[in-house]
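Novice: below are the sequence and a predicted model for it; my questions follow.
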Amino acid sequence: MNNIYRQLCLDHKNMQQMLNAFERLLQDLFGTHERDPNTLSLILDALDYFSVYPDKYHHPVEDLILARLLTKPVHDRSAIYEAQMQHEKIAATTKHMCALFYAVANNAMVERRVLQGASNSYLQLQRNHIELENSAIFPQIEQYLQVEDWKQIYRQVKQLKDPFFDKNTRNVYESLREYLTQPETPSQVFA
């Protein structure tokens, strides 16, 4: 398995963990039990992860791969076009979610039902996207991309490098993901 493809698979696993952690944070925020004042801050951290990591690294790399796939006799072009459109929609929706939660953090009035509806739609959009790629895109990647394709993709990925998104920055987001997705400790469960 190619290293770039392996990283994309790992990214999906990590993003699913982050979505689960994000959903737990939302349940805590919207729940009827005593709220942890740090919950909103953690939600903003999670949204920062979703707005930076996929947009700066994951989706641009996938877009290169999708473009390369379209040069092949793939059997499900509609899934590829759908995934490309979803990348744009996810970026816009993530910006909207950030704006909503930053408004809440700054004590602006945001109706609870609006916040919950947007949050639920966001979670569904993200999960549907990962499922589409896992079920319809990744099998085509495995089937159609050869060593020479990966060499070309690797050259393009090197040109994509964002000077602000280096290894240290990736490590910060990896640490954030690990922190937010760690299993609850027994004291948290019984508190």
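Specialist: Okay, I see it. Numbers count the residues shown, from 1 in each chain.

Novice: please count neighbours and contacts with C-alpha atoms only from this point.
Specialist: Fine.

Novice: burial of L100, as a residue count?
Specialist: As a burial measure, L100 scores 20 neighbours (other CA atoms under 10 Å).

Novice: list the contacts for it?
Specialist: V110, L115 (CA atoms under 8 Å, 6 or more residues apart in numbering).

Novice: could you give the mean pLDDT of stretch 171-189?
Specialist: The predicted model assigns stretch 171-189 a mean pLDDT of 67.

Novice: again with stretch 110-130
Specialist: Confidence over stretch 110-130, taken as the mean pLDDT, stands at 96.

Novice: which residues are in contact with that stretch?
Specialist: Applying CA under 8 Å, 6+ apart, the external contacts of stretch 110-130 come out as 12, 16, 19, 23, 26, 30, 83, 86, 90, 93-94, 97, 100, 103-104.

Novice: of those residues, buried ones?
Specialist: Judged by neighbour count, with 16 or more other CA atoms under 10 Å as the criterion, the buried members of the contacts of stretch 110-130 are 12, 16, 19, 23, 26, 83, 86, 90, 93-94, 97, 100, 104.

Novice: A46 reaches M18, doesn't it?
Specialist: Yes. Under the criterion of CA atoms under 8 Å, A46 makes contact with M18 at 7.3 Å.

Novice: for those two, list the residues in contact with both.
Specialist: Both A46 and M18 are contacted by R177, L180, under the criterion CA under 8 Å, 6+ apart.

Novice: low-confidence ranges in the chain?
Specialist: For the chain, residues meeting the criterion pLDDT under 70 lie at 32-37, 161-166, 169, 183-191.

Novice: quick one, strands of it?
Specialist: Defined through DSSP state E, the strands belonging to the chain form an empty list.

Novice: show me where it has its helices.
Specialist: According to DSSP state H, the chain carries its helices in the segments 3-30, 39-53, 59-69, 77-105, 112-132, 138-144, 147-160, 167-181, 186-190.
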